[in-house]
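**Q** Got a predicted model here, sequence first, then my questions.
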Amino acid sequence: MKISDFDYNLPESFIAQTPAEPRDSSRLMVLSRSKDIIKHCQFRDIIDLINPGDVMVFNTTRVIPARLKAYKAETGGAVELLLLRQLSATRWRAIVGGKRVKAGTKLVLQDSNITANVVEQLEEAERIIEFSTSIRDYMDTHGEMPLPPYIHTELDDSERYQTIFSRVEGSAAAPTAGLHFTSEVLLALRKKSVQFAYTTLHIGLGTFQPVRVETIEEHIMHHEYAVLDADNARIINEAKLAGGRIIAVGTTVARTLETAGILSEGGSPSTAYEETESCPWRPVIAFEDDTNLFIHPGYRWRVVDAMLTNFHLPRSTLLMMVSAFAGRERILKAYEIAKQEGYRFFSFGDAMFISD
C-alpha cells in the first residue's frame, strides 16, 4: 500500500493543545466493526461498554523529562537533546537538534558542569551520547517534558502528560489512550468485575518515527523495549478462555500483546506476515525484549479483540495500525465524521473505542 492511502486533511484548529479537565470528560467515539456503526459518547461512558469478565490491558510506562538543553563546548552553539533510551549508566540514544553535531562533538549541559560526547552518529538526527556522569538527578531538576511538536501550549502540571497508572520510567512519550482514565472510572470498572492487566512498552522512535518510504511495507520500525510478565499473561489467557474480550488500551499495548501472541506461535515480529496455521485466538506468553512489530493492513490479529485509542496523525504508523484493526476506509470515514462533530485530535485529544 502507498503512504498516500493513509493521508487526510486536518486543519490545525482540530489539534488539542491542552488535556481535557477532568480527564474523563473527553469525548469518545464508539466504532463497531461488525455492525459498521458509530456512536458518540463521553469517555466516562466506557464503563457501560466493557463487559464483566473482559480484561483491559494498560501500559505502565512513565514519561521521563527527556528534553535537555546543551551547548557545544567549542563554539557555544545551542543544542537540544531528546533522550530516547538509556543504554548504560551514562550512555543514551538520543535525537539531537542543532547544526553539525557530529561524532566527536563535545557538549555541555546547560547550567551544569556535566559534559557529553557524541560517540556515534546514527541515521538522520539520532546519536549515541556518552555523559560524564549519570544524569538522572539532572533530568529531574533541568529536564523538560517531551511534549509532541504540535503542542504549543505549556503544561501547568506535568502529571497531565502521565497516565494515573504510570510507574515504570523510561518513555519519551505518553501512551495517550490511557490519559483519559480517572480513579473513579477504574473503580467503577473494577466493581463491574472487569479485570485489569498490565504491560510496559517504553515509547521511543518506533512509535513516532515518520514513514519516509512510498510503499508502507518497506518501512522498518525501530525497536522499543516491551515487557509482559507471567502473572499478567495468565490473567489475559484465563479471561479469554472464560469468554472475556482482550481490550488493548492504546496502540502500544496492542503491539505488546500481538508480539506476545506471535512469540507464542514460535514466530518473531519480522515473520508476523508470513502464512501460519490459522488460529482464531493466540494465547500470549510472557516476554521481556525489544519489539519492532509493524502492524499495517494485511496483518492477522492474534490477541486483541477491542482497542481504545486516540485520533492519530496522517501518514503515521499508528493510523496504519488502527486501519489494520478496523479497515482503512472505515477509519478514514470515522475521522471525517470526527471532524464534522468537532472532536479533538492527537495526544491531548478525544478517544475512539473500536469494538467487535
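**A** Good, I have the coordinates. All values reported here derive from a predicted model rather than from experimental measurement.
**Q** C-alpha only now, for contacts and for neighbours.
**A** OK.
**Q** Does anything pack onto the lowest-mean-pLDDT helix or strand in the chain? Which helices or strands?
**A** Every helix and strand of the chain was ranked by mean pLDDT, DSSP states H and E. The lowest is helix 205-208, at a mean of 73. Under the contact criterion of 3 or more C-alpha pairs under 8 Å, 6 or more residues apart in numbering; DSSP states H and E, helix 205-208 touches helix 317-326.
**Q** Tell me who's in contact with the residue nearest to Phe165 when sequence neighbours are not counted.
**A** Take Phe165 and drop its neighbours on the chain: the residue closest to it by C-alpha to C-alpha, 6 or more residues apart in numbering is Thr60, 5.9 Å away. Contacts for Thr60 (C-alpha atoms under 8 Å, 6 or more residues apart in numbering) come out as Phe165, Ser166, Arg167, Val168, Tyr198, Thr199, Thr200, Leu201.
**Q** so where does the first one fall, helix or strand?
**A** Just to be clear, that refers to Phe165. Phe165 is part of no helix or strand when elements are defined by DSSP states H and E.
**Q** per-residue pLDDT, it?
**A** With respect to pLDDT, Phe165 scores 97.
**Q** can you check Arg282 too?
**A** Value for Arg282, per-residue pLDDT: 76.
**Q** could the contacts of Thr60 go into JSON lines alongside secondary structure, distance to Ser158 and neighbour count?
**A** Shown next, in JSON lines, are the contacts of Thr60 (DSSP: H, G, I helix; E, B strand; the rest coil; distance: C-alpha to C-alpha, whole Å; neighbours: other C-alpha atoms under 10 Å):
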{"residue": "Phe165", "secondary structure": "coil", "distance to Ser158": "15", "neighbour count": "17"}
{"residue": "Ser166", "secondary structure": "coil", "distance to Ser158": "13", "neighbour count": "19"}
{"residue": "Arg167", "secondary structure": "coil", "distance to Ser158": "15", "neighbour count": "14"}
{"residue": "Val168", "secondary structure": "strand", "distance to Ser158": "16", "neighbour count": "15"}
{"residue": "Tyr198", "secondary structure": "strand", "distance to Ser158": "23", "neighbour count": "22"}
{"residue": "Thr199", "secondary structure": "strand", "distance to Ser158": "23", "neighbour count": "21"}
{"residue": "Thr200", "secondary structure": "strand", "distance to Ser158": "20", "neighbour count": "25"}
{"residue": "Leu201", "secondary structure": "strand", "distance to Ser158": "20", "neighbour count": "27"}
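**Q** Out of those residues, which is nearest to Ile220?
**A** Closest approach between those and Ile220, by C-alpha to C-alpha: Leu201, at 18.0 Å.
**Q** out of everything not next to it in sequence, what's closest to that closest one?
**A** Leaving aside its chain neighbours, Leu201 sits nearest to Ala226 (4.2 Å; criterion: C-alpha to C-alpha, 6+ apart).
**Q** what about the one you found, distance to Ile262?
**A** Using C-alpha to C-alpha, to the nearest Å, we find Ala226 at a distance of 14 Å from Ile262.
**Q** Return the angle between stretch directions for the helix or strand hosting Ala260 and helix 317-326.
**A** According to DSSP H and E, Ala260 maps onto helix 251-264. If you take axes from the mean of the first three to the mean of the last three C-alpha atoms, to 10 degrees, helix 251-264 sits at 60 degrees to helix 317-326.
**Q** next helix or strand past helix 251-264?
**A** strand 287-291.
**Q** quick one: contacts of that following strand?
**A** Here strand 287-291 makes contact (C-alpha under 8 Å, 6+ apart) with His223, Glu224, Tyr225, Ala226, Val227, Leu228, Asp229, Ala230, Thr256, Thr259, Ala260, Pro269.
**Q** for the nearest residue to Glu130 once chain neighbours are set aside, what are its contacts?
**A** Nearest residue to Glu130, sequence neighbours excluded (C-alpha to C-alpha, 6+ apart): Arg91, at 4.5 Å. By C-alpha under 8 Å, 6+ apart, the contact list for Arg91 reads Ile128, Ile129, Glu130, Phe131.
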